[in-house]
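Peer 1: Everything below, folded, please.
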Amino acid sequence: MGTLGLKIDVDTYEGMKQGVPRLLQTLKEFNLKGTFFLSIGPDNSGRAVLQLIKNPLFLKKMMRTNAASLYGWKTALYGTLLPAPMIALSFPDIVREIIAAGHEVQFHAWDHRRWQDDLPHKSEKWIRQWFTKGIAGFEKLTGQKPTAFGAPSWLINYRTLEIIKEHKFEYLSCTRAQAPFIHEIANVLEIPSDLPCFEEIDKQRAVAIITDLIKDGGIHVLPVHAEVEGGIFNEQFKELLQHALDMGNSIVPLREIKSKLVLQNIPVRKYQMELLPGRHSACAV
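Peer 2: Numbering: from 1, shown residues only. Presented below is the predicted three-dimensional model:
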């Protein structure tokens, strides 16, 4: 028997509008719960065009994953030729639907794109304001403070961990490590995404690859994206869920994984940055 956690990131306006309702329907069909990490503020996805110029790996990823089908043409213009719409703040009814269905809801981002592209160059003041605005928006939508944070693109640094410590989150999901650990700087539990994303691996073999990685049981966390598994990869996602259930796995939100961990037995570690296969930029591991 294994445990498979579902970490569902919502990165864009279209992901919130189209992908989340589809994922809610999928999870309802399987009678499963997951953890939705919400981007709260502006969708500046159009700024990714700068990465096409700066980072050849980003261009390669966009071509490999057929980004136009994943995200839609409007997403490619938000924050540049089109105004940046608010993401979760634009859809309070969908947020209420997530909560009413019994899923866990946590904080992912205020401005996902600017964190992803600019974090290393941003001041401590900017980072603090980013958290302040994001958490305020989260409270407006849910009526409570988030108890967990999942960093955009699994990107963190020492300054962010110091600020994270001040918010007293119960756990983080900010890395692609292979097992839970305690962050040395923030002194908080990390529940990492140890499995690959669908868009990082061969789409023809994605289900088989991930199924093989969970076949021996244990605790695993699957990173899911509303734009991907709630979009053109929805059927493959359903296939993977069925395989996981057939293998005897329990599929749960991250809060259930947290409840099963004995903190005294979890090692304290430092993170490091590493470029993983299929990624265009380094992730915390």
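Peer 1: so how far is stretch 118-125 from its chain's centroid?
Peer 2: Centroid displacement of stretch 118-125 relative to its chain, using CA atoms, centre = their mean, to the nearest Å, is 21 Å.
Peer 1: now stretch 90-103
Peer 2: Between the centre of stretch 90-103 and the centre of its chain there are 17 Å (CA atoms, centre = their mean).
Peer 1: For residue 226, which non-adjacent residue is spatially closest?
Peer 2: Counting by CB to CB, 6 or more residues apart in numbering, residue 226 lies nearest to residue 19, which is 3.2 Å off, once chain neighbours are set aside. Where C-beta positions appear, they are placed from N, C-alpha and C, glycine not excepted.
Peer 1: Look at that neighbour and say how many residues are nearby.
Peer 2: Residue 19 sits with 25 neighbouring residues when counted by other CB atoms under 10 Å.
Peer 1: Give me the pLDDT for it.
Peer 2: Per-residue confidence for residue 19 comes out at a pLDDT of 97.
Peer 1: which residues touch it?
Peer 2: Residues touching residue 19, when contacts are defined by CB atoms under 8 Å, 6 or more residues apart in numbering, comprise 10, 225-231.
Peer 1: make it 6 Å
Peer 2: Contacts for residue 19 (CB atoms under 6 Å, 6 or more residues apart in numbering) come out as 226-227, 230-231.
Peer 1: CSV please, covering those and showing neighbour count and pLDDT.
Peer 2: CSV is the format used below for the contacts of residue 19 (neighbours: other CB atoms under 10 Å; pLDDT from 0 to 100):
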residue, neighbour count, pLDDT
226, 28, 97
227, 27, 95
230, 25, 97
231, 20, 94
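Peer 1: between those residues, which is nearest residue 262?
Peer 2: Residue 262 lies nearest to residue 226 out of the contacts of residue 19, by CB to CB, at 32.2 Å.
Peer 1: got the phi/psi numbers for that closest one?
Peer 2: Backbone torsions of residue 226, given as degrees, to the nearest 10, read phi -60, psi -30.
Peer 1: Next one: it from residue 129, what distance?
Peer 2: 25 Å (CB to CB, to the nearest Å).
Peer 1: Also residue 85?
Peer 2: Relative to residue 129, and taking CB to CB, residue 85 is found at 20 Å.
Peer 1: Looking at the two, which has the bigger crowd around it?
Peer 2: residue 85 (20 against 13).
Peer 1: Nearest residue to the more buried one in space, ignoring adjacent ones along the chain?
Peer 2: Closest residue in space to residue 85, ignoring its immediate chain neighbours: residue 13 at 4.8 Å, by CB to CB, 6+ apart.
Peer 1: which residues touch that neighbour?
Peer 2: 43, 85, 87.
Peer 1: Do I have it right that the last one meets residue 16?
Peer 2: Put plainly, it is residue 87. Yes: taking contacts as CB atoms under 6 Å, residue 87 lies within contact range of residue 16: 5.1 Å.
Peer 1: re the thing from before, JSON lines please, covering the contacts of residue 19 and showing secondary structure.
Peer 2: Putting the contacts of residue 19 into JSON lines (DSSP: H, G, I helix; E, B strand; the rest coil) gives the following:
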{"residue": "226", "secondary structure": "coil"}
{"residue": "227", "secondary structure": "coil"}
{"residue": "230", "secondary structure": "coil"}
{"residue": "231", "secondary structure": "coil"}
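Peer 1: how about those residues in a markdown table, adding distance to residue 37?
Peer 2: Shown next, in a markdown table, are the contacts of residue 19 (distance: CB to CB, whole Å):
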| residue | distance to residue 37 |
| --- | --- |
| 226 | 10 |
| 227 | 13 |
| 230 | 13 |
| 231 | 17 |
